[in-house]
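Chemist: Have a look at this prediction, sequence included:
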Amino acid sequence: MTPNIQYTFVTMISRESLLQNLTFLATQICNNRRWVPGKIVELLDNPTNAGVLGRNIQKGNIIQIRLYDNGNQIEWYHLVGTLAHELAHNLFANHSPEFYKEMNKIHDEFEKLDDYEKIFSEMTGSYYSKGYSIVSKGANTKSTTCTKSICKDTREQRRSKILTALHNRGLV
């Protein structure tokens, strides 16, 4: 009997490319909402921010996003989710029900942007269209499988799935 061997192809995206695409998305949302876009920078590991995925400094003047966790690149979908979370802090300081409603609205706005499908495909190695992801040959299996299932879910389920995935990785 032949053993079932599963291969995982990992596509590493440069820090510059990740930050450039996150900045593009944030700028689009800020412009649409008549907010002044801030600077998106990497949140680096140090003992004072262990487990923190992002920070919003001075109502979006600077947004820090963790790109790597223990040397592993964080999946694109989670980076976008963290960005939506941090942008929601422009309106709400606390994690209230209104905050999470706003975070979901921002995430929905990302998905409606003209270039979102192209950026999603470049960052994940899969295809994105109208809430579905089709895994391409050679794509990062872990990332696209997670993304494929999350994209099908409703807005309410999306927050729960993201928090569960982050909790399972020990990040929250």
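Modeler: Received, thanks.

Chemist: Quick one: the helices in the protein, in order.
Modeler: For the chain, applying DSSP state H gives helices covering 15-32, 76-88, 97-112, 116-124, 141-152, 155-168.

Chemist: Pick out the shakiest of these, pLDDT-wise.
Modeler: For the helices of the chain, the weakest mean pLDDT is recorded on helix 141-152, namely a mean of 42.

Chemist: dump the residue contacts of the closest residue to E122 other than its chain neighbours.
Modeler: Using CB to CB, 6 or more residues apart in numbering and skipping residues adjacent in sequence, the residue nearest E122 is N21, 7.4 Å away. (Each C-beta comes from the backbone N, C-alpha and C, glycine too.) Residues near N21 by CB atoms under 8 Å, 6 or more residues apart in numbering: 119, 122-123.

Chemist: 10 Å instead?
Modeler: 13, 40, 76, 79-80, 83, 115, 118-120, 122-123 (CB atoms under 10 Å, 6 or more residues apart in numbering).

Chemist: repeat for D114
Modeler: Q28.

Chemist: 174 is where my numbering starts, stick with that
Modeler: That works, and once the first residue is 174, the last one we named lands at D287.

Chemist: separation between it and I186?
Modeler: Note on D287: its distance to I186, by CB to CB, to the nearest Å, is 21 Å.
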